[in-house]
Every structure is written in structure tokens, then in C-alpha cells.
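Novice: please find the sequence and the predicted model below.
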Amino acid sequence: MSAMAETQNEKLPVEKIIVELESLPKPTDLSGVFSRPAPVELEVGIGKGGFLLEQAKARGEVNFFGIEWANEFFRFSADRYARWGLTNIRVMRTDARAFFEAWLSPACLDAVHVYFPDPWPKKRHHKRRFFRAETIEAVVRALKPGGRLFVATDHAEYWAVIQPLLSSRADLEEIEFPTNFAKPGEVVGTNFERKYIKEGRTFYKIALRKR
Ligand SMILES: C[S@@+](CC[C@H](N)C(=O)[O-])C[C@H]1O[C@@H](n2cnc3c(N)ncnc32)[C@H](O)[C@@H]1O
């Protein structure tokens, strides 16, 4: 049965959607947590979960894995996915940075999505940011050759850090940012993006492919 054949009326037990970090081997190839082999795309910081929900509904042939640190958002998203009865989605509550750096197998992901990452604007908090050289190294390692990385932010100062860190890498090539992720007028259609559109903010985005 395809992921979409199970309709939103067939609620899944939320336990089938949630993955516990402690249950995973080290290193982890995430394809093992899904019920069927398929390409795997991972989103860091899913927030209220809208992006992965729409992707999982639209692209039943892909397995989607969401990571969220904040318990409230994590539970909200897991319940939302369970209500839709989608079988091609899993979520885990953990620190995505540590997961990339210490847990993920090399070359196991087809795509990584990071939308509106927390900018931690105060200098003394910069060390908490997702985008730093070590984490980017780990993200690139986890991508398969040809795997893609998608990033969007509204934060000009953080963007000024992210963009050179990504663009300067010889193992990544910039590609067109897809126009079909969201509705016309949106980049990815996340909850934060919709809030920021109303505030008239500028968005920065980049898509890259691992050579
Ligand atoms: C600004 S919100 C954006 C949420 C969503 N991507 C959106 O655009 O609506 C950033 C999210 O990333 C989560 N987050 C931040 N750092 C994280 C980390 N290291 N690991 C997992 N989640 C993280 C936060 O809890 C928050 O939900």
C-alpha cells in the first residue's frame, strides 16, 4: 500500500511515528527506521511540522524524517502526522547538531532541509547555532553523492555566516531552489515563513548538491 493510500481517516498510533534516539544503532542509517526502502529526506527543526506533512502527502515515494528539539513542537507534529495516517514519516526529539556529528552513517540521506533555523542573535549564543563548520561537515558527510541541502532564513546576519560557509565548499555545488515546495509566493510554506511573510520580511535561500 502506498503512503497516500492510507488516508487521513486512518489514524496511526503516534508511537509508530516517534523514533527514540536510544533505540538506534550507532552509526545509524535512517532507512532502517522505515517500513519500506525509499529515498530518505531529513528536516532539522520541524517546528509545527507543516513542511514535512505537505511533502509526505505530496511525495509518497520518499521517506521523511523530522528532528525537533522543543518537546511541545515535537509532540504537536507527531500527533499531526499520526492523525494523517502517513506511513512515510518519522520524528525524533533530539539535538540535530549532535545527531549529525555523532550518530548518522555516512552517505545515508538524499536531502536535508533546514528552514528558519534559530538565529541566536546574541554573540554569546552564537555557539548554539546549527550552522557552524563542524555541523556542515557532518551534514555533507551524511548526504549521498548527488544528495541535496536546502536552507532558508529571514535573518540577514545569520545568512551572512551561513552563505559563505556553504558556498565555499568544493564538495557542494549550488543548484536552483525548487519552486514546487510550497504554494505560489512561498519558499517552503513553513509556519515561521507564513508569519514572516505577513511582516514583510526578506528571505534568503540556497539549494546545493553534493558532488
Ligand atoms: C525558528 S523555528 C522554525 C521552525 C520551522 N522550521 C518553521 O520554519 O516554521 C526553529 C526550530 O528549530 C528547532 N531547533 C533549533 N535547534 C535545534 C536543534 N539543534 N535540534 C533540533 N531542533 C532544533 C527549534 O526548537 C524550533 O522549533
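Specialist: Perfect, thanks for sending it.
Novice: show me the contacts for E41.
Specialist: By CB atoms under 8 Å, 6 or more residues apart in numbering, E41 lies in contact with 55, 62-65, 109-113. (Each C-beta comes from the backbone N, C-alpha and C, glycine too.)
Novice: among those residues, which lie within helices?
Specialist: Q55 (DSSP state H).
Novice: would you turn the contacts of E41 into TSV with distance to the ligand, neighbour count and pLDDT?
Specialist: As requested, these are arranged in TSV below (distance: CB to the nearest ligand atom, whole Å; neighbours: other CB atoms under 10 Å; pLDDT from 0 to 100):
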residue	distance to the ligand	neighbour count	pLDDT
Q55	12	22	98
V62	18	18	98
N63	19	25	98
F64	14	27	98
F65	12	22	98
L109	16	26	98
D110	19	17	98
A111	15	20	98
V112	12	24	99
H113	8	24	98
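Novice: anything in the top helix by length along the chain near the ligand?
Specialist: Taking DSSP H as the criterion, the chain has its longest helix at helix 71-84. Yes: residues of helix 71-84 contacting the ligand under CB under 6 Å from any ligand atom: F73.
Novice: what does stretch 61-70 contact?
Specialist: 2-3, 19, 30-31, 33-34, 36, 38-47, 49, 52, 55-56, 74, 77, 88-96, 99, 110.
Novice: near the ligand, which residues of the chain show up?
Specialist: Near the ligand, when you scan the chain using CB under 6 Å from any ligand atom, you find 44-45, 47, 67-70, 73, 95-97, 115-118, 130, 190-193.
Novice: one more time with 5 Å, if that's ok
Specialist: 45, 47, 67, 69-70, 73, 95-97, 115-116, 118, 190-192 (CB under 5 Å from any ligand atom).
Novice: mind checking which of those residues are buried?
Specialist: 45, 47, 67, 73, 96-97, 115-116, 190-192 (16 or more other CB atoms under 10 Å).
Novice: those into CSV, with extra columns for pLDDT and secondary structure?
Specialist: Shown next, in CSV, are these (pLDDT from 0 to 100; DSSP: H, G, I helix; E, B strand; the rest coil):
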residue, pLDDT, secondary structure
G45, 98, coil
G47, 98, coil
I67, 98, strand
F73, 98, helix
A96, 98, helix
R97, 98, helix
Y115, 98, strand
F116, 98, coil
T190, 97, coil
N191, 97, helix
F192, 98, helix
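Novice: now render the residues you listed as a markdown table, adding distance to L143.
Specialist: As requested, these are exported to a markdown table (distance: CB to CB, whole Å):
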| residue | distance to L143 |
| --- | --- |
| G45 | 18 |
| G47 | 22 |
| I67 | 15 |
| F73 | 25 |
| A96 | 14 |
| R97 | 16 |
| Y115 | 17 |
| F116 | 21 |
| T190 | 21 |
| N191 | 26 |
| F192 | 24 |
